[in-house]
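Asker: Pasting a predicted model and its sequence here:
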Amino acid sequence: MIATRRARPKRFQLILIKPSHYDADGYVVQWFRSTMPSNSLAVLYSLARGAARRGLLGPDLPIDVIAMDETNTRVRPGKIAKIIERNGGLGLVGIVGVQSNEFPRALDIGRALRAAGIQVLIGGFHVSGCLAMLPEMPPDIREAQSLGISVFAGEAEEHFDSVVLDAARGTLRPLYNHMKHLPDLGEVPSPPVLPYAFVQRTIGNVTSFDAGRGCPFQCSFCTIINVQGRKSRNRSPDSVERILRMNWRQGVNRFFITDDNFARNKDWEAIYDRIIELRERDGMDIRFMIQVDTLCHRIPNFIEKSKRAGVTRVFIGLENINPANLIAAKKRQNKITEYRAMLLEWKRVGIMTFAGYILGFPNDTPESIRHDLEIIKRELPLDMLEFFVLTPLPGSEDHKVLAEKGVWMDPDMNKYDAEHVVTAHAKMSPDEWQEMYRTAWSIFYSPDHLETVLRRAYACGIRLRSLMPLLFIFSSAVEVEDVHPLQWGIFRIKHRLDRRAGLPIESPLAFYARYAAGIARKAAVLAKRWRELKRARRRIEADASAKLYMDEALTPVVGESEETRELYTQSQAARSAVERELRVAGRKLGGNGASRLPSVNSLEAHEPEEQTVSRAAIRPPAA
């Protein structure tokens, strides 16, 4: 009697991939451990798991969900195709959260999968931004569609089920355009949570989620306002609590709230009160990094409650200290007279401050950038400064205006990472601009200033053992790996065969010899930097007067001495801005002790006068 093999039951394979991007040599940027997980991937994974639990495709077609982050996991299209084939041939690969600089890699992955007959859908900020701001599809999205890849614009909540149902029927549409429908986030049935095994592949046991989306302002370099809308939409405190408890139960207790400006989330206080309950009543040691604007310190109780809620780091959209540049970018809510007061308030409660700084505004020159950075080092008590090249990202007003005027922009989307120069500048050549980006990191993170930052932190009660690893990363990433610190990870991994389409595959001898030499060189540089930071920390801890350290940046904001700071007098634009800001606030500049810049102890609580501009930093959004 001949035994017959039972047919394996069909299972729909739903595979979600957050792609990486290519380095200058065309290799995928990947790490043994990468930075925090993508919020977009968490959102889509949770929606997919919800569909699977509900049996969306019926009892005869269960759904398996697999999530992959290419920054720490190798994506092998051939292997993915075999997984789908072994389970009956039904499946969908969603390449999610794709930003402009990731689109070339997403397209290469999609091309290989389509060649194997796999259904593919690409979504994220690049697709959404292009559809929001351009009159027609750009060539790269048209190429994707010509390969049979579907594209998705907008947010997936309330629309995800229909995509899965279409894929199960084999009837995916070329385009899903939901840009005009922004879902309510108040009570999303499936809160964004990634499994612990996934989070373990990242540094620091950190995951991310959004407490809200959208921004009411109009910064010209921002894509968020045109993709997620200008109306703020928020998760409820109950929803945030569920996200935190689900992560806590699986051992994840560090979070990055990806809201572009959490200080303007209308429910910030209710959310904070709920988090404070979890920390103080239930003993949940949960901690956060948030993003805020430069006027957050004027919101009553915001900074104090941030501390109680477990905020340990804040990212601030400083962007520039030249008021003329801020106006050119429609960033009018940034008042340079508030910078020091705001930073000192965060210092007062011992929270680390990160700030974004954009290079390449219309009035920038190599000389002016160097001069401005020295002012910042001397007068602003920042712990970390992150530099970005002003980039016309698809989806921003800047990109739309340049496209309409026919101004040259680099056609290679892989460079649209806010680290590469992709268009012309009136006062700098492309080479000068690019070199200034690299030079800015070495200016701010010079050995002398690294020790100054540590001394300020020690005097303000910030643990040096917590700050040191961050200074190590931010001072080394560009020099060692030629990537922004937000793109860095632990130990760079390169696969010889994972190279950008169109570039030759190197011989094993040439590839591995260069790879090994690079590892040795990087290790030597990193070891030296770490030793320097340790020596600086030991000098500070051995200094009996270190707790009393004071310099120009830490000096309280009081008296007429503020008016003479170079931050306020460096140019006519700065002087005019200060006079205007004081006039609006009912104060005068100079004159018999009557003038005063805003004092930390006398700040009125009010919303910014300009309600049409936002803190949307050019750093690539996490969602």
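Answerer: Looks like it arrived, so ask away.
Asker: any idea how far the closest residue to Arg213 other than its chain neighbours lies from Glu155?
Answerer: Spatial nearest neighbour of Arg213, chain neighbours left out: Gln228 (4.4 Å); criterion: C-beta to C-beta, 6 or more residues apart in numbering. Every C-beta, even on glycine, is put in place using the N, C-alpha and C of the backbone. Distance of Gln228 to Glu155, computed by C-beta to C-beta, to the nearest Å: 7 Å.
Asker: what is in contact with the two at once?
Answerer: The contact sets of Gln228 and Glu155 overlap at Leu182, Arg213 (C-beta atoms under 8 Å, 6 or more residues apart in numbering).
Asker: Strands of the stretch 1-150 of the chain, residue ranges please.
Answerer: 12-18, 30-33, 63-69, 91-95, 120-123, 150-153 (DSSP state E, counting those that start in this stretch).
Asker: For Phe511, find the nearest of the ones you listed.
Answerer: strand 30-33 (14.8 Å; C-beta to C-beta).
Asker: pLDDT on that closest one, on average?
Answerer: On average, the pLDDT along strand 30-33 is 96.
Asker: And for stretch 487-503?
Answerer: Per-residue scores along stretch 487-503 average to 95.
Asker: What is the end-to-end distance of that stretch?
Answerer: 23 Å (C-alpha to C-alpha, to the nearest Å).
Asker: List the buried residues in it.
Answerer: Gln487, Trp488, Gly489, Arg492, Ile493, Lys494, Asp498, Arg499, Arg500 (16 or more other C-beta atoms under 10 Å).
Asker: what does stretch 442-449 give?
Answerer: Using 16+ other C-beta under 10 Å as the burial criterion, the residues of stretch 442-449 that qualify are Ile443, Phe444, Tyr445, His449.
Asker: Which SSE is immediately downstream of the helix or strand containing Phe491?
Answerer: Using DSSP states H and E, Phe491 falls within strand 490-493. Per DSSP H and E, the first helix or strand lying C-terminal to strand 490-493 is helix 508-542.
Asker: Report the rounded mean pLDDT for that following helix.
Answerer: On average, helix 508-542 scores 96.
Asker: buried sites along that helix?
Answerer: Residues of helix 508-542 classed as buried by neighbour count (16+ other C-beta under 10 Å): Phe511, Lys522, Leu526, Arg529, Leu533, Ala536, Arg537, Ile540.
Asker: which of these sit farthest apart?
Answerer: Taking C-beta to C-beta, no two of these sit farther apart than Phe511 and Ile540, at 43.5 Å.
Asker: Tell me where the protein is predicted with low confidence.
Answerer: By pLDDT under 70, the weakly predicted segments of the chain are 1-7, 187-188, 330-334, 559-562, 581, 584-623.
Asker: Now do the strands in the stretch 201-350 of the chain.
Answerer: 206-209, 212-213, 233-234, 254-257, 287-292, 311-319.
Asker: which residues touch Asp364?
Answerer: Asp364 neighbours (C-beta under 8 Å, 6+ apart): Asn322, Asn325, His425, Lys427, Met428.
Asker: tell me the contacts of the second one?
Answerer: By C-beta under 8 Å, 6+ apart, the contact set of Asn325 is Glu319, Phe361, Pro362, Asn363, Asp364.
Asker: If we use 7 Å, what do you get?
Answerer: Going by C-beta atoms under 7 Å, 6 or more residues apart in numbering, Asn325 touches Phe361, Pro362, Asn363, Asp364.
Asker: Same check on the last one?
Answerer: In this structure, Met428 makes contact with Asp364, Thr365, Pro366, Met436, judged by C-beta under 7 Å, 6+ apart.
Asker: Can you list the helices and strands that the strand holding Phe491 packs against?
Answerer: strand 30-33 (3 or more C-beta pairs under 7 Å, 6 or more residues apart in numbering; DSSP states H and E).
Asker: residues making contact with the strand it packs on?
Answerer: Contacts of strand 30-33 (C-beta under 7 Å, 6+ apart): 20, 70-72, 74, 201-203, 489-493.
Asker: List the strands paired with that strand, with their directions.
Answerer: When pairing is defined by DSSP bridges, strand 30-33 lines up against strand 490-493 (antiparallel).
Asker: can you give me the helices in the stretch 301-450 of the chain?
Answerer: 302-308, 323-328, 336-348, 366-379, 397-405, 430-444, 447-459 (DSSP state H, counting those that start in this stretch).
Asker: Please identify the deepest-packed of those helices.
Answerer: helix 336-348 (a mean of 23; mean count of other C-beta atoms under 10 Å).
Asker: what angle do it and helix 366-379 make?
Answerer: 40 degrees (axes from the mean of the first three to the mean of the last three C-alpha atoms, to 10 degrees).
Asker: got the CA positions of helix 336-348 in CSV?
Answerer: Extracted as CSV, the C-alpha positions of helix 336-348 are listed here (Å, rounded to 0.1, in the frame of the first residue of the first chain):
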residue,chain,number,x,y,z
ILE,A,336,16.2,83.3,20.0
THR,A,337,15.6,85.3,23.2
GLU,A,338,13.9,82.1,24.7
TYR,A,339,16.6,79.6,23.8
ARG,A,340,18.7,80.0,27.0
ALA,A,341,15.7,80.2,29.3
MET,A,342,14.3,77.1,27.8
LEU,A,343,17.5,75.1,28.0
LEU,A,344,18.2,76.1,31.6
GLU,A,345,14.8,75.0,32.6
TRP,A,346,15.5,71.5,31.3
LYS,A,347,18.9,71.6,33.0
ARG,A,348,17.2,72.6,36.3
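Asker: if we can go back for a sec, out of the contacts of Asp364, flag the one nearest to Glu269.
Answerer: Using C-beta to C-beta, those come closest to Glu269 at Asn325, 32.9 Å.
Asker: where's the closest one relative to Ala355, distance?
Answerer: For Asn325, the distance to Ala355 - C-beta to C-beta - is 15 Å.
Asker: Kindly report the same for Asn234.
Answerer: 25 Å.
Asker: same deal with Met409?
Answerer: From Met409 to Ala355 the distance is 27 Å (C-beta to C-beta).
Asker: again with Ile149
Answerer: Taking C-beta to C-beta, one finds Ile149 at 38 Å from Ala355.
Asker: Then Arg242?
Answerer: 32 Å.
Asker: Leu567 now?
Answerer: Counting by C-beta to C-beta - Leu567 and Ala355 are separated by 14 Å.
Asker: And the helices in the stretch 151-300 of the chain?
Answerer: Using DSSP H, counting those that start in this stretch, helices in the stretch 151-300 of the chain cover 160-169, 196-199, 224-227, 237-249, 268-280.
Asker: between the ones you listed, which gets nearest to Glu136?
Answerer: helix 224-227 (16.3 Å).
Asker: Who are the packing partners of the closest one?
Answerer: Helix 224-227 is packed against helix 125-133, with contacts defined by 3+ C-beta pairs under 7 Å, 6+ apart.
Asker: What residues sit buried inside the helix it packs on?
Answerer: Phe125, His126, Val127, Ser128, Gly129, Cys130, Leu131, Ala132, Met133.
Asker: who's in contact with it?
Answerer: Against helix 125-133 from outside (C-beta under 7 Å, 6+ apart): 98-100, 103, 137-138, 141, 151-154, 177, 179, 223, 226-227, 393-395, 399-400, 621.
Asker: just the buried members of these?
Answerer: 98-100, 103, 137-138, 141, 151-154, 179, 223, 226-227, 393-395, 399-400, 621.
Asker: Kindly indicate which of the buried residues of stretch 487-503 lies nearest Val311.
Answerer: Trp488 (22.7 Å).
Asker: if I look at the closest one, how far off is Asn414?
Answerer: 18 Å.
Asker: now, the most widely separated pair of the contacts of strand 30-33?
Answerer: Every pair of those checked by C-beta to C-beta; the farthest is Arg74 and Ile203, at 18.3 Å.
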